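# Provided below are the primary sequence and the corresponding predicted coordinates.
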Amino acid sequence: MNHPEERFAARADNLARLLADERGAEILAELQKLALVTGSRQATGNGSRAAGGAEPGIPTVGPWDVVRTDGGTTLRRRSLPVDEARTWADLADIPLSEEAERIVLLGESSARGFLLDPVFTPALALQRQLDDAAPGAHQCIDLAQTGQSLRELMTLVGQLPVLRPDMIVVYAGNNWVLPQHTPAHLDLLATALRNGDYATMRDCFLDRIVAPEALRLLNRLAQVARSCEARVVLVIPEFNLRGWSPDPELELPPLTPDALTRWAGLRRRAEDAQGRGDAESVLTLTEEMASLDRGLSPATGWLRAQAARTLGRAADEERALETARDAAAGLLTTHTPRVISPIRAMMAETGARLGFGCVDLGALLRHRTPHTLPDPSYFLDYCHLSDQGIELLAAAVTDEIRGLPQGTTPPGPGASEKARAMSFLLAAVHNSFYGQPEERVAELTRAAVLGVPETAQALLDVLQADGPVWTHPAVTTLVATPQAHRYLAPMLTRQAETLGMWSLRRCLGRETGNTLRPDGCDGVNGGESTPAPEPRPRTTDLLAAVEQGLIDGAFRPPNHLPERSYLQCFGRTSTLAFELPEAVAGELTLVYRTPEAVGRGEPATVLANGTEIGNLPVATDGWRRLRLAVPASVVRTGGNRLVIHWPLGGAQWQVRRTSDAAAMARSEFPMVLPVQGELFEAVFAPQASSDT
């Protein structure tokens, strides 16, 4: 007779075999979802402990407890983890005035004053505007939170009655199209993908998940406002349409191989026509591209916008840029926050129906530059306002609060010169990180160097240094101010050997008058110095300066999938960079594969500083190692660029769609994007050491 443990093991083995395939994983996921539903039905209590770790029975608003004292009501800050604490206003206790009109400001990072916080924020600007008009008559309470989701905002709105606000100002919407991933949402999207394609999935996400939840939020806001007898001012966000470039990793739409091949051919012809100055042909070709990609690629709208600008068609340019902005929304990829056209329209229409006051940031900024898109100077990046943009917004909200015609209140002076310059330096870091054009990074760097030269030099020292970033003595200088500490500390405490950001390095070097120094960096902070330079260049790992995740040596793909030990490239072109203390010949070793090459595929082309140095044959079955000679004539002392033009990928569309639907049914994120190439190793060895 078998022992019970043996019978159990046999049953477990049999169950494991039955559930070992993709279908079995879906069955397990369904059982887990059922357990969640059953558990939620059996859960008891109405939350005896308030959200955020408050003591039982003490009401909360965001990170603050609402405490009743003999002197009145005070918001008392709870102890939070550092990463969470920096997302809220830098305030401890906030005594609530019983005489002043109480205004609460809600919203995301734009309402937080991203890259200017904590020294200058929309709440501070609004408070000053109101005090200038009627000293002591208003109290502005800053409840904005960086990274806040739509659901988190809904929770915060529900907590407002305890504050008894007179006015609720909501500046949100940029985070609403960022991927939602509840099991119910992913189930819905899996069904949409199985029954259609990625455009169907995207439409389902926007129409059946985002739009209803946004509408629910606005209706809830109206209910809370009525219960408090408060008025609401809704600020509709705007995107930096004219000052932002699409992410090349998101440019290729997830189409069938035949459709993607036709689309890529049309794009190549459109880019050629653009190079010839034939804008009319660009418009014709991009119209065909749009019929194929159905709004899934920002490249189509971007090309159309450039052609429309050449032809002086401002309205067409604006529509094309909006389609480029909206393309990434709904594909469950990682992209910068943004408000899309349907959400902007819904906010305006619903706000008017509910009787909200409204400040349309797009219209407000356009009013300052008639008949054009908003001037990029009002932004620091894709959607976060500069201090001048914040002042315009605060003036418009002040007019709404006081019941005055728009434009009555003049904008304030903005941040101090030092805080403004620091925001430009932080914005240069942010724009470089997101691969924006070097011209924009240079513009921000130039303004930063004029205002905070010591901090700019310290940043360059860290960027050019070797060794763990956090050990560099210049880090102390970089995080000396609250503004810089808030945004640079997370980056500077990473274990990375280098931060990359090559365009930022070049711009800082030009503006500070520093070229690459042989030892990588100069001493700072009292004359400390770095080790002496090595006699010749050493072997350089090009992947070490590519943005990595939390795990050392692991790379984050742009589609929320787990980190990988190799770099996945989703754009047709990949750019790597490295520095050499002297220009010497060497050998480049690449370990790569092209798992989704369409058809037989053209070989990948490799260029060093614009000069072709060789080709990579298609490798779809496994990893391939190839060595390419790099002549001394094509390398430079200082920064060098390696560019790989991949063959068109996307041959596994049907497999990807099936596996993506199954992944979402298991409550996991999908792949979505077609892989163009993958790199496991990219190493440059100088000639003197290439034989070792």
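Received the coordinates, thanks.
# how close does Glu563 get to Gly549?
Look at Glu563 and Gly549: by Cβ to Cβ, to the nearest Å, they are 4 Å apart. Quick note: C-beta positions are derived from backbone N, CA and C, even for glycine.
# In this structure, where is pLDDT below threshold?
Along the chain, segments meeting pLDDT under 70 span 1-56, 368-371, 494-497, 515-537, 550-552, 688-692.
# contact partners of the longest strand anywhere in it?
Ranked by residue count and defined by DSSP state E, the top strand of the chain is strand 677-686. Under the contact criterion Cβ atoms under 8 Å, 6 or more residues apart in numbering, strand 677-686 has outside partners 536-543, 565-569, 574, 576, 578, 580, 584-595, 604, 623, 625, 630, 642, 644, 646-647, 649.
# So which bits of it are buried?
Gly677, Glu678, Leu679, Phe680, Ala682, Val683, Phe684, Ala685, Pro686 (16 or more other Cβ atoms under 10 Å).
# Kindly report the same for stretch 613-628.
The neighbour-count check on stretch 613-628 (16+ other Cβ under 10 Å) flags Ile613, Gly614, Leu616, Val618, Ala619, Thr620, Arg624, Leu626, Leu628 as buried.
# Now secondary structure and distance to Leu193 too, for these, in CSV please.
Formatted as CSV, these follow (DSSP: H, G, I helix; E, B strand; the rest coil; distance: Cβ to Cβ, whole Å):
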residue, secondary structure, distance to Leu193
Ile613, strand, 41
Gly614, strand, 39
Leu616, strand, 32
Val618, coil, 28
Ala619, coil, 29
Thr620, coil, 25
Arg624, strand, 32
Leu626, strand, 36
Leu628, strand, 40
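# and which of those is nearest to Leu156?
Using Cβ to Cβ, Thr620 comes nearest to Leu156 of the buried residues of stretch 613-628, at 49.8 Å.
# returning to what we had before: are there residues contacting both of Glu563 and Gly549? Which ones?
Phe555, Arg556.
# Can I get the helix or strand Ala111 falls within in PDB, CA atoms only?
Ala111 is part of helix 109-112, with elements assigned from DSSP states H and E. This file holds the C-alpha atoms of helix 109-112, laid out as PDB (Å, rounded to 0.1, in the frame of the first residue of the first chain):
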ATOM      1  CA  SER A 109       2.800  65.500 -11.000                       C
ATOM      2  CA  SER A 110       1.800  68.600 -13.100                       C
ATOM      3  CA  ALA A 111      -0.200  69.900 -10.200                       C
ATOM      4  CA  ARG A 112       2.700  68.900  -7.900                       C
END
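# So Glu318: helix, strand or coil?
helix (DSSP: H, G, I helix; E, B strand; the rest coil).
# likewise Arg76?
strand.
# Would you mind listing the residues in contact with it?
Trp64, Asp65, Val67, Ala92, Asp93.
# what about 7 Å?
Contacts for Arg76 were tallied using Cβ atoms under 7 Å, 6 or more residues apart in numbering; they are Trp64, Asp65, Val67, Asp93.
# before we move on, what about Leu150?
Per Cβ under 7 Å, 6+ apart, neighbours of Leu150: Asn175, Trp176, Glu213, Ala214, Leu217.
# what helix or strand does the third one sit in?
Per DSSP H and E, Glu213 falls inside helix 211-228.
# ok, the closest residue to Thr408 other than its chain neighbours - how many residues close by?
Nearest in space to Thr408, with sequence neighbours left out and distances taken as Cβ to Cβ, 6 or more residues apart in numbering, is Asp399 at 5.2 Å. Close neighbours of Asp399, defined as other Cβ atoms under 10 Å, add up to 20.
# Confirm for me that Asp399 is in contact with Pro411.
No: between Asp399 and Pro411 there is no contact under Cβ atoms under 7 Å: 11.1 Å.
# Give me the common contacts of the two.
In contact with both Asp399 and Pro411: no residue, using Cβ under 7 Å, 6+ apart.
# Does Val635 touch Phe578 like I think?
No: contact criterion Cβ under 7 Å: Val635 and Phe578 do not qualify, at 9.4 Å.
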